[in-house]
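> generate coordinates for the sequence data below:
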Amino acid sequence: QVQLVESGGGLVQAGGSLRLSCAASGSIFRTNAMGWYRQAPGKQRELVAAITSDGITNYADSVKGRFTISRDNAKNTVYLQMDSLKAEDTGVYYCNANLRRSMRSGSSDYWGQGTQVTVSS
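Residues are numbered from 1 along each chain as shown. Reported below is the predicted structural model:
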């Protein structure tokens, strides 16, 4: 089994900062890309930021310059540093990891349970 456990969500005032963490554990052979998605009430889930195993990053236009994604490959952990938060950043943030469970298996996507981020204006 593979588990993705997120932490770091909460309530913050506009302009403040939060740092999310997501650790993947279990039977993992190789972790490929990892990323963060969010879903606001009444909206579809959207990509916030992603990072490859080589450290190449990709950000949604709405968070560029404010959010920073990073990872620790040795710990199978991905982080999201969120600065200058806005009310529109409110939502449930989900961790995603594309990984292989063994040398003989293909890659699959796994999701965390989600962590609530609320930004008050």
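
> going forward, measure contacts between C-alpha atoms and count neighbours the same way
Will do.

> element containing the most centrally placed residue in the chain, please.
In the chain, the residue lying closest to the centroid (Cα atoms, centre = their mean) is W36, at 2.6 Å. According to DSSP states H and E, W36 maps onto strand 30-39.

> for the helix or strand just after that strand, packing partners?
As assigned by DSSP H and E, the chain's next helix or strand after strand 30-39 is strand 46-51. Strand 46-51 makes packing contacts with strand 30-39, strand 57-59, strand 67-72 when contacts are defined by 3 or more Cα pairs under 8 Å, 6 or more residues apart in numbering; DSSP states H and E.

> run through this structure and note the low-pLDDT ranges.
The chain contains no residues with pLDDT under 70.

> helix, strand or coil for the residue in it sticking out farthest from the centre?
Here the chain reaches farthest from its C-alpha mean at R104, the gap being 26.8 Å by Cα atoms, centre = their mean. For R104, the assignment made with DSSP: H, G, I helix; E, B strand; the rest coil gives coil.

> got the contact list for L11?
With contacts defined as Cα atoms under 8 Å, 6 or more residues apart in numbering, L11 is in contact with V117, T118, V119, S120.

> filter those residues down to just the ones in strands.
In strands, defined here by DSSP state E, the members of the contacts of L11 are V117, T118, V119, S120.

> excluding its backbone neighbours, what's nearest the last one?
So that's S120. Using Cα to Cα, 6 or more residues apart in numbering and skipping the chain neighbours, the partner closest in space to S120 is Q13 (4.8 Å).

> and for that neighbour, the neighbour number?
Per other Cα atoms under 10 Å, the neighbour tally for Q13 reads 14.

> report the buried residues of stretch 44-54.
L47, V48, A49, A50, I51, T52 (16 or more other Cα atoms under 10 Å).

> then it to CSV, C-alphas only?
Provided in CSV are the C-alpha atoms of stretch 44-54 (Å, rounded to 0.1, in the frame of the first residue of the first chain):
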residue,chain,number,x,y,z
GLN,A,44,-13.1,21.9,-10.2
ARG,A,45,-9.8,20.6,-8.8
GLU,A,46,-6.9,22.5,-10.4
LEU,A,47,-3.2,22.2,-10.5
VAL,A,48,-1.3,24.6,-8.2
ALA,A,49,2.3,23.4,-8.7
ALA,A,50,4.2,20.4,-9.7
ILE,A,51,7.9,19.2,-9.5
THR,A,52,9.7,16.4,-11.3
SER,A,53,12.2,14.1,-9.7
ASP,A,54,14.9,16.3,-11.3
